[in-house]
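S.K.: predicted model and sequence below, questions to follow.
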Amino acid sequence: MPRSRINGNFIDKTFSIVANILLRIIPTTSGEKEAFTYYRDGMSAQSEGNYAEALQNYYEATRLEIDPYDRSYILYNIGLIHTSNGEHTKALEYYFRALERNPFLPQAFNNMAVICHYRGEQAVRQGDSEIAEAWSDQAAEYWKQAIALTPGNYIEAHNWLKITKRFE
């Protein structure tokens, strides 16, 4: 039974009902409908912290989804799970893949910046200032891209860029 039919969360049930109505009235192929069902079930599992189940659903959705824009959100969510699991290299790979399909995902740039900033902080603790600086510079570039896409968001990142004199 699809997860969307067994989830007890009111918001998830409401979303599922609206999504099912939209799937019926919007002209889509059966493959697109199936991809969306896997994506929706992945989001539901992810929101409950069932990351393995979410990944299975997302991988199936990427296999079926042909629209680059829709694929970008699936790939982004896979990146989120890898970030949550501390698998930063995999997360960065999926954020890059999402941005290849949709370069207007400021949240992907932000998450990439957070990972780079974290790695820079790790390098500082290990006493490697050269590596720390390189990671911090990369974080700055990603945050600049996120801020350029959504001015007014990412205030903390904006302040960090100013404090570290990385903002132009």
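M.R.: Yep, that arrived. Note that the coordinates shown come from a computational prediction; the quantities given were computed from them, not determined experimentally.

S.K.: pLDDT (mean, whole number) over stretch 133-151?
M.R.: Per-region confidence: stretch 133-151 scores 97 on mean pLDDT.

S.K.: what comes up buried for that stretch?
M.R.: Buried residues in stretch 133-151, counting neighbours by 16 or more other Cβ atoms under 10 Å, are found at 135-136, 138-140, 142-147, 149. C-beta coordinates here come from the backbone N, C-alpha and C atoms, glycine included.

S.K.: so, low pLDDT: which residues of this protein?
M.R.: Scanning the chain for pLDDT under 70 picks out the ranges 1-28.

S.K.: report back the residue of it that's furthest from centre.
M.R.: Note on the chain: the largest C-alpha distance from the chain mean falls to residue 127, namely 30.8 Å (Cα atoms, centre = their mean).

S.K.: mind checking the SS state of it?
M.R.: Under DSSP: H, G, I helix; E, B strand; the rest coil, the three-state class of residue 127 is coil.

S.K.: next, give phi and psi for it.
M.R.: Comment: the main-chain dihedrals of residue 127 come out as phi 80, psi 20, following degrees, to the nearest 10.

S.K.: quick one on the thing from earlier: of the buried residues of stretch 133-151, just say which sits nearest to residue 156.
M.R.: Nearest to residue 156 among the buried residues of stretch 133-151 is residue 143, at 9.4 Å by Cβ to Cβ.

S.K.: and for residue 166, the neighbour number?
M.R.: The tally of other residues near residue 166 (other Cβ atoms under 10 Å) stands at 15.

S.K.: please apply the same query to residue 120.
M.R.: Neighbour count of residue 120, defined by other Cβ under 10 Å: 21.

S.K.: and for the one 3 residues further on?
M.R.: Residue 123: 18 surrounding residues under other Cβ under 10 Å.

S.K.: for it, give me its contacts.
M.R.: Counting by Cβ atoms under 8 Å, 6 or more residues apart in numbering, residue 123 touches 129, 131-132, 135.
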